[in-house]
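Coordinates for the following, if possible.
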Amino acid sequence: MESAPKKNATLRQVADHAGVSVTTASLVLNRKGDISESTRLHVLHAMEELNYTPRGERSSAETLASDAQNTVRFLKIARHGQTVNRDHNVFISDYIDGMSFEATRRDYSLQVVSHEATDISTIIEEISASDLRGIVALGTELSDEDVRLITNCGIPNVIVDTYRPFVDGNFIDMDNDQLVHLALDHLISQGFSRIGLVSSYSEVNNFKLRHEAYLRAMNAHKLVIEEENILSVCATSEDAYTDSLKQLAGIKTLSDAYFCSNDVIAFGFIRALREMGYSVPADISVVGFDNLPMANIFDPPLTSLNVPKQRIGAMAIRILDDLIVAKIKQPSVKVLVSGDLVIRQSVKLKAD
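Okay, the predicted model is just below:
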């Protein structure tokens, strides 16, 4: 009978043995950073004492044995698929890229598991029976009850792409207030005062937050909120187009500019405007949210709010790592990350 492969020491064990951070141990291993000679020698001595073998030099059996005890998982959860779908795969891939980079740097193995229309309690049962060190969950389409099930699942967890201020859990989301204000500030700077909103009735918490941010920003600038120019459409491109057509037909006087809750909605909305004979941006200006790759090649190229998605992914792993290594329960962490506005040709600029 073959013996099980011997578990290789992890970089975290090396760091703990040397009394340094995992980041410092990683910098020594990769010969990077401004590390003192005494610290470098101390880390190298710890590697020798623990017989540490870098991941790239291990056999596949050794890697599997080590990774089984040092794995974190990203849960890509689509509850209804209106936003977690093919149109947003690039957006989610950026989250994964950031997580992957930071997980490798901290000596974790990152798994990515997709769930479509799966009951959250079923996901939690599977996680509870695993050897995972922690999880990061995509919260885009999660309900309040889904969020509570994950935050109380019993292993370290972080939820990205949503935010619940009154839930005792760890969240990282974009700063919807700051970003929506940024979009409206740009439109106002170009002389627009009649600014409408194209939001969504899809069950996505960020849409609700952006709707509320729009109302606050309009009030802050003392602009009139025209209820008939607040549209609520489906979040998929084709349905956003058909919903926009129906709702635009009932508006007596359209706004001069519209803020859309995401780029996919903006694409469908612009198609509807064109079908009704309006030109963008000559007649009506449009700003989106997400800065998807399609925004740059759309006709016209879409002005859109950009979110640093890789940074959010990396930050999720850093927070998760802190939770994993903590000796006592840690207070919840709620992080809002700002972004910037990428100006393209969908907004009519006033003449200099």
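
Helices along the stretch 201-350 of the chain, start to end?
Along the stretch 201-350 of the chain, the stretches classed as helices by DSSP state H, counting those that start in this stretch are 205-220, 237-248, 263-275, 293-297, 309-325.

The fourth one packs against which elements?
Using 3 or more CB pairs under 8 Å, 6 or more residues apart in numbering; DSSP states H and E as the contact criterion, the secondary-structure elements in contact with helix 293-297 are helix 263-275. (Glycine included, C-beta is placed from N, CA and C.)

okay, the angle between the helix it packs on and helix 237-248?
50 degrees (axes from the mean of the first three to the mean of the last three CA atoms, to 10 degrees).

neighbouring contacts of helix 263-275?
Here helix 263-275 makes contact (CB atoms under 8 Å, 6 or more residues apart in numbering) with 83, 87-88, 198-200, 231, 233, 235-245, 248, 258, 260, 280, 283-284, 286-292, 294-295, 298, 302, 304, 346.

Could you pick out the buried ones from those?
83, 87-88, 198-200, 231, 233, 235-237, 239-241, 243-245, 248, 258, 260, 280, 284, 286-292, 294-295, 298, 302, 304, 346 (16 or more other CB atoms under 10 Å).

looking at the helices of the stretch 201-350 of the chain, which is buried most?
Across the helices of the stretch 201-350 of the chain, averaging neighbours per residue (mean count of other CB atoms under 10 Å) puts helix 263-275 on top, at a mean of 24.

got the angle for that helix vs helix 205-220?
Counting by the same axes, to 10 degrees, helix 263-275 lies at 60 degrees to helix 205-220.

Look up how far Ser304 lies from Pro281.
For Pro281, the distance to Ser304 equals 13 Å [CB to CB, to the nearest Å].

average pLDDT across the helix or strand where Glu48 lies?
Element membership of Glu48 [criterion: DSSP states H and E] is helix 37-49. When pLDDT is averaged along helix 37-49, the result is 85.

what packs against it?
So helix 37-49, by 3+ CB pairs under 8 Å, 6+ apart, packs with helix 11-18, helix 22-29.

Using CSV, write out the CA atom coordinates for it.
Output of helix 37-49 as CSV, limited to C-alpha atoms (Å, rounded to 0.1, in the frame of the first residue of the first chain):
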residue,chain,number,x,y,z
GLU,A,37,19.9,41.0,4.8
SER,A,38,19.2,39.8,8.4
THR,A,39,15.5,39.3,7.6
ARG,A,40,16.2,37.6,4.3
LEU,A,41,18.6,35.2,6.0
HIS,A,42,16.1,34.6,8.8
VAL,A,43,13.4,33.6,6.3
LEU,A,44,15.7,31.4,4.3
HIS,A,45,16.7,29.6,7.5
ALA,A,46,13.1,29.0,8.3
MET,A,47,12.5,27.6,4.8
GLU,A,48,15.4,25.2,5.4
GLU,A,49,14.3,24.1,8.8
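
List the contacts of that helix.
14-15, 17-20, 24-25, 28-29, 52.

swap the cut-off to 6 Å and go again
14, 17-18, 25, 28 (CB atoms under 6 Å, 6 or more residues apart in numbering).

can you pick the most crowded of those?
Counting neighbours by other CB atoms under 10 Å, Ala25 comes out on top of the contacts of helix 37-49 with 29 neighbours.

so Ala213 sits right up against Val180, yeah?
Yes. At 3.8 Å, Ala213 counts as touching Val180 under the criterion of CB atoms under 6 Å.

Which helix or strand in this protein has the lowest average pLDDT?
helix 60-67 (a mean of 47; mean pLDDT, DSSP states H and E).

Going along the chain, name the strands of the stretch 101-250 of the chain.
Along the stretch 101-250 of the chain, counting by DSSP state E, counting those that start in this stretch, strands occupy 109-116, 134-138, 157-160, 171-174, 195-200, 230-233.

Tell me which of those is the most buried.
Ranked by mean neighbour count, the strands of the stretch 101-250 of the chain are led by strand 157-160 with a mean of 27 (mean count of other CB under 10 Å).

In its sheet, which strands sit next to that one, and in what direction?
Strand 157-160 has the following strand partners under DSSP bridges: strand 134-138 (parallel), strand 171-174 (parallel).

Distance check, Ile319 against Phe267.
Separation of Ile319 from Phe267 (CB to CB) stands at 33 Å.

Same check on Ala46?
Using CB to CB, we find Ala46 at a distance of 54 Å from Phe267.

Find the residue closest to Leu336 in space, skipping its chain neighbours.
Asp175 (4.0 Å; CB to CB, 6 or more residues apart in numbering).

What's the per-residue pLDDT of that neighbour here?
97.

Touching, it and Asp340? I think so.
No. Between Asp175 and Asp340 there is no contact under CB under 6 Å: 11.4 Å.

Much appreciated, bye for now.
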